[in-house]
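J.: fold the stuff below for me.
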Amino acid sequence: MTATQKETMGFKTEVKQLLHLMIHSLYSNKEIFLRELVSNASDACDKLRFEAVSNSALYEGDSELAVHIDFDKEKNTVTIQDNGIGMSRDDVVNHLGTIAKSGTSEFLGKLSGDEKKDSQLIGQFGVGFYASFIVAKDVVVETRRAGLAANEAVRWQSQGEGEFSLENIEQAERGTKITLHLKDDESEFADSFRLRNLIKKYSDHIAIPIFLPQEVSSDDADGENKQIPEAVNDAQALWTKPKSDISDEDYKEFYKHVSHDWQEPLAWSHNKVEGKLDYTSLLYIPSQAPMDLWNRDAARGLKLYTQRVYIMDEAEQFLPLYLRFVKGILDSNDLSLNVSREILQQDKNVDSIRSALTKRVLDMLTKMAKKDEEKYAKFWAQFGEVLKEGPAEDFANKEKIASLFRFASTQGNSDSATVSLTDYISRMKENQKKIYYVTGENYNAVFNSPHLEFFKKNNIEVLLLTQRVDEWMISHLANFEEKTFQDITKGELDLDELTGEEEKAAAETLAEDNKSLVERIATALKGEVSKVRVTARLTESPACLVVGQNDMNDSLRQMLAAAGQEVPEAESTLEVNPNHPLIATMDKEQDEERFNDLAHVIYGQAQLAQGSQLQKPAEYVAKLNKLLHDLMK
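T.: Down below sits the predicted model:
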């Protein structure tokens with residue numbers, strides 16, 4: 001393609017939707033466009049510096065990296081220019097014509113049309129280059145990648161609607177220049193004072209100089225004033241400063257720079273380590289989960305520097321997967337400048353830093369949980385389910401991770417009333433040796449489970465677990481503070497520790513007295529349940545279903561089945577309450593056919609009570625209708 005040819009291309013569908021959303025939903029936050037473009041320019045300079053470590057020719061004789069911002073009041077334009085890595089034609093198409101970001105479809109699927117709610121979603125997704133169209137009616141990008149010929153530069157132009165144009169141009173300098181033709185009512189940004197304030201507000205921490213034209217008096221004969229570039233920002237990497245010199249606002253703005261999230265973080269930790277290993281870390285806990293949080297294969301990790309030279313954006317080796325929500329930077333003097341992901345995987349220093357950073361994040365969360373319960377509740381609502389992956393992935397910190405967990409319990413009155421495991425243990429009965437829990441699809445289902453009847457009657461707290469990860473998490477956690485976990489829907493529940501000798505003897509007598517009834521029910525349900533027995537765990541319901549101590553419970557079996565995975569067979573036991581009037585009536589029933597129908601109805605009720613689907617719904621309805629008809633005669 002020659003310099004005079006222009007090609008028009010259409011935006012991908014998701015870009016059109018995002019542009020429309022940003023233009024209409026982020027108007028009150030319109031000034032963030034400058035922060036996003038300066039942040040991108042800074043990243044471009046970082047990437048050039050890194051590539052030039054192994055190929056200094058990329059500097060093309062100019063190693064003084066900078067961002068220049070200019071404006072023209074008459075033309076109503078603002079330009080942002082950097083001499084960073086630049087873009088090739090393919091880079092431009094891939095970066096400015098589509099959104100190559102995990103979670104895009106989910107993000108767009110959540111858009112409601114409510115501008116306030118949708119603008120909050122943008123905070124989770126990130127804003128980036130497309131923020132330009134909040135204030136601009138026309139955007140022109142002129143760029144050449146370092147190392148390419150001058151005639152391989154590219155001009156991209158769009159009005160932020162359905163399409164963009166692309167043409168090759170001549171450009172002697174490497175890097176990228178973005179010209180914003182401002183909307184008529186956005187001329188406030190074509191102003192030196194306004195731009196200066198925005199740079200100081202949002203980008204003072206950027207580690208390369210940001211220049212604005214400064215008008216100075218001239219000594220020339222014509223007497224005209226001249227404009228010279230003047231650095232506006234501090235131009236020092238924020239993480240290299242002493243903590244005492246950094247304000248909370250500085251930390252918050254730097255978070256937005258590294259995360260491309262325009263919401264403030266919940267907490268951060270800034271530390272410099274010297275000794276066997278030398279490194280600085282600045283770690284952030286976001287306030288909102290990103291759209292791709294549940295994609296374990298999505299890009300994640302810290303922004304990695306070595307001796308303040310940028311290495312990569314997502315260095316995932318320095319934190320475990322269950323902490324993938326953490327954002328921030330790591331600058332280490334003990335890693336090679338030519339670091340690659342393969343080298344990182346083989347570097348023993350990485351393991352040491354990873355261990356230390358993991359501990360630091362867990363300490364940060366522990367501190368938050370103790371000192372600010374309201375803030376920690378926000379964290380838990382966003383990231384608690386991911387944190388529950390921890391016991392399976394990080395055995396060394398298993399107990400510390402578990403201390404951060406929060407659960408609903410029978411002591412609360414809603415699923416938002418949560419307790420820690422430490423709180424639970426502090427309220428355990430004198431002889432209680434286990435942490436009791438029940439799992440299910442939702443709070444109402446588990447709170448009303450018949451399995452809880454004995455525990456509610458005796459005021460014994462039970463944790464109510466309703467997230468899919470819970471049973472898997474418990475299987476890896478196994479115990480906490482020397483207390484084992486017990487699913488109250490599994491096995492022949494041993495409640496001896498919670499009852500006296502008198503209650504124990506009464507239970508044994510009850511089982512013996514109803515031996516023949518149990519045998520009759522077992523015969524009626526042969527092939528449908530593995531066993532029938534008398535239970536002490538029911539006080540109001542006639543029956544319930546339990547599985548073997550080592551079997552999957554019903555909620556996990558349903559989850560696996562829904563995912564199309566093979567579900568192993570489980571031992572299903574029907575436990576009956578002989579004190580319930582319905583069971584007592586069955587014991588007196590002489591008609592074996594009627595007894596059989598009653599047994600199947602009781603069995604069906606037990607299935608429904610635990611949230612399961614009936615195995616033979618039509619047969620169940622027919623038997624129930626027959627019993628009701630007989631009752632009405």
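J.: not counting stretch 183-192 itself, show me its contacts.
T.: 30-31, 34, 71-73, 76-78, 135-137, 180, 182, 194-195, 212-213, 215 (CB atoms under 8 Å, 6 or more residues apart in numbering). C-beta: built from backbone N, CA, C; applies to glycine.
J.: in this structure, which residue is closest to the centre?
T.: Leu293 (3.5 Å; CA atoms, centre = their mean).
J.: got phi/psi on that one?
T.: When read as degrees, to the nearest 10, the backbone of Leu293 gives phi -60, psi -40.
J.: identify the residues contacting it.
T.: 324-325, 383, 386.
J.: could those be laid out in CSV, adding neighbour count?
T.: Below are those laid out as CSV (neighbours: other CB atoms under 10 Å):
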residue, neighbour count
Arg324, 23
Phe325, 20
Phe383, 22
Val386, 18
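J.: weed out the non-buried ones from the contacts of stretch 183-192.
T.: 30-31, 34, 71, 76-78, 135-136, 180, 182, 194-195, 212-213 (16 or more other CB atoms under 10 Å).
J.: in helices, which of those appear?
T.: Among those, DSSP state H puts 34, 194-195 in helices.
J.: out of these, who's nearest Phe485?
T.: Taking CB to CB as the measure, Phe485 lies nearest Leu34 of those, at 52.5 Å.
J.: residue contacts, that closest one?
T.: Contacts of Leu34 by CB under 8 Å, 6+ apart are 69, 78, 80, 189, 195, 198-199, 202-203.
J.: related to what we said a few turns ago, identify the farthest-apart pair in the contacts of Leu293.
T.: Arg324 and Phe383 (9.4 Å).
J.: show me this structure divided up by domain.
T.: What automatic domain parsing lists as the domains of the chain is 7-234, 239-372, 405-632.
J.: using CSV, lay out the ones you listed together with mean pLDDT and distance to Lys378.
T.: As requested, the domains of the chain are exported to CSV (pLDDT from 0 to 100; distance: least, CB to CB, whole Å):
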stretch, mean pLDDT, distance to Lys378
domain 7-234, 83, 13
domain 239-372, 88, 7
domain 405-632, 86, 12
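J.: I'd like these laid out as CSV, including distance to Ala392.
T.: Below are the domains of the chain laid out as CSV (distance: least, CB to CB, whole Å):
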stretch, distance to Ala392
domain 7-234, 23
domain 239-372, 8
domain 405-632, 4
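J.: select, out of those, the one closest to Lys398.
T.: It's domain 405-632; of those, that one is closest to Lys398 (CB to CB) at 6.6 Å.
J.: nearest to Gly147 among the buried ones among the contacts of stretch 183-192?
T.: The nearest one, if we look at the buried ones among the contacts of stretch 183-192 relative to Gly147 and count by CB to CB, is Leu180, at 27.4 Å.
J.: for the closest one, which residues count as its bridge partners?
T.: Beta-bridge pairing for Leu180 (DSSP bridges): Val78, Val139.
J.: one more: Ser409?
T.: The residues that Ser409 bridges to, once DSSP bridges is applied, are Leu463.
J.: my read: it touches Ser420, true?
T.: No - when contacts are counted by CB atoms under 8 Å, Ser409 is not listed as touching Ser420 (10.2 Å).
J.: more crowded one of the two?
T.: Ser409 (20 against 17; other CB atoms under 10 Å).
J.: show me the contacts for that one.
T.: 417-419, 424, 461-464.
J.: please repeat the previous calculation with a cut-off of 10 Å.
T.: 417-419, 423-424, 427, 436-437, 447, 461-465 (CB atoms under 10 Å, 6 or more residues apart in numbering).
J.: same thing with Lys433?
T.: 482-484, 486, 494, 497-498.
J.: and those residues, which of them are in strands?
T.: 483-484, 486 (DSSP state E).
J.: if I look at His580, how far off is Glu373?
T.: Remark: distance between His580 and Glu373 (CB to CB, to the nearest Å) = 42 Å.
J.: rewinding a little: can I get the contacts of Leu293 in CSV with distance to Tyr305?
T.: Listed next are the contacts of Leu293 as CSV, based on distance: CB to CB, whole Å:
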residue, distance to Tyr305
Arg324, 20
Phe325, 21
Phe383, 26
Val386, 26
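J.: hmm, back to that, let me have the ones in helices among the buried ones among the contacts of stretch 183-192 in TSV, adding distance to Asn431 as columns.
T.: Converted to TSV, these look like this (distance: CB to CB, whole Å):
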residue	distance to Asn431
Leu34	65
Arg194	71
Leu195	71
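J.: in CSV: the ones in strands among the contacts of Lys433, plus neighbour count.
T.: Formatted as CSV, the ones in strands among the contacts of Lys433 follow (neighbours: other CB under 10 Å):
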residue, neighbour count
Lys483, 15
Thr484, 11
Gln486, 19
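J.: dump those into TSV; add distance to Gln607 as well.
T.: Shown next, in TSV, are the ones in strands among the contacts of Lys433 (distance: CB to CB, whole Å):
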residue	distance to Gln607
Lys483	31
Thr484	28
Gln486	23
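J.: among the ones in helices among the buried ones among the contacts of stretch 183-192, which one sits closest to Phe455?
T.: Nearest member of those to Phe455, counting by CB to CB, is Leu34, at 58.6 Å.
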